[in-house]
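*Asks:* mind folding the following:
(one chain, ligands or ions: 1)
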Amino acid sequence: MVYHEANGIITEARSPVGRGTDLLSNPVIAEVAAEHGVSPAQAILAWQVRVGALPIPKSKSVARQRENLDVFGVVLTEANMARIGSLARPDGRLANQEPSVYQEF
Ligand SMILES: NC(=O)c1ccc[n+]([C@@H]2O[C@H](COP(=O)([O-])OP(=O)(O)OC[C@H]3O[C@@H](n4cnc5c(N)ncnc54)[C@H](OP(=O)(O)O)[C@@H]3O)[C@@H](O)[C@H]2O)c1
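*Replies:* Predicted structure coming up:
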């Protein structure tokens, strides 16, 4: 992110709500979401926006698409940011997506 910011590059967050994994049911996400009265997806997307990323969530549901857009008023606390940030996986990716060998178009 530091390199990207210094070079005017916008960082995309792909599969931002976990692509059908258990991320949306994670208890930490649920607690942060409940604290702010938003959905788990909104808590995750608000975290990504706050770190300066551009999330591109996919949904076949118009209601969920609207929900996913309605995140810019969610103001997470530093504690919320740290809690969600602590969920990072060792390789920072979904399974089998090591960026040096994995590419998807
Ligand atoms: N080029 C690449 O390298 C690359 C890699 C990964 C992803 N992408 C792109 O990034 C986009 C998103 O990635 P993705 O589809 O893999 O993962 P994603 O957006 O993280 O997850 C999509 C899943 O989350 C569900 N969902 C979305 N919003 C939700 C909400 N508010 N509440 C509950 N469930 C919700 C969707 O179900 P419903 O549809 O039923 O709502 C769907 O099952 C896609 O356009 C994909 O093509 C590109």
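*Asks:* what segments of the chain are helices?
*Replies:* Counting by DSSP state H, the chain has helices at residues 2-6, 27-36, 40-50, 62-69, 78-85.
*Asks:* make TSV from those helices and add mean neighbour count to it.
*Replies:* The way it works is simple: take the backbone N, C-alpha and C, and place the C-beta from them, glycine included. Listed next are the helices of the chain as TSV, based on neighbours: other CB atoms under 10 Å:
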stretch	mean neighbour count
helix 2-6	9
helix 27-36	16
helix 40-50	22
helix 62-69	13
helix 78-85	14
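*Asks:* of all these, which one is nearest residue 13?
*Replies:* Among the helices of the chain, the nearest to residue 13 by CB to CB is helix 40-50 (4.6 Å).
*Asks:* can you tell me if the closest one touches the ligand.
*Replies:* Yes - counting by CB under 6 Å from any ligand atom, the ligand is contacted by helix 40-50 at residue 41.
*Asks:* residues in contact with that helix?
*Replies:* 13, 16-18, 23-26, 29-30, 32-33, 36, 38, 54-55, 57, 64, 67-68, 70-72, 74-76, 80-81, 84-85 (CB atoms under 8 Å, 6 or more residues apart in numbering).
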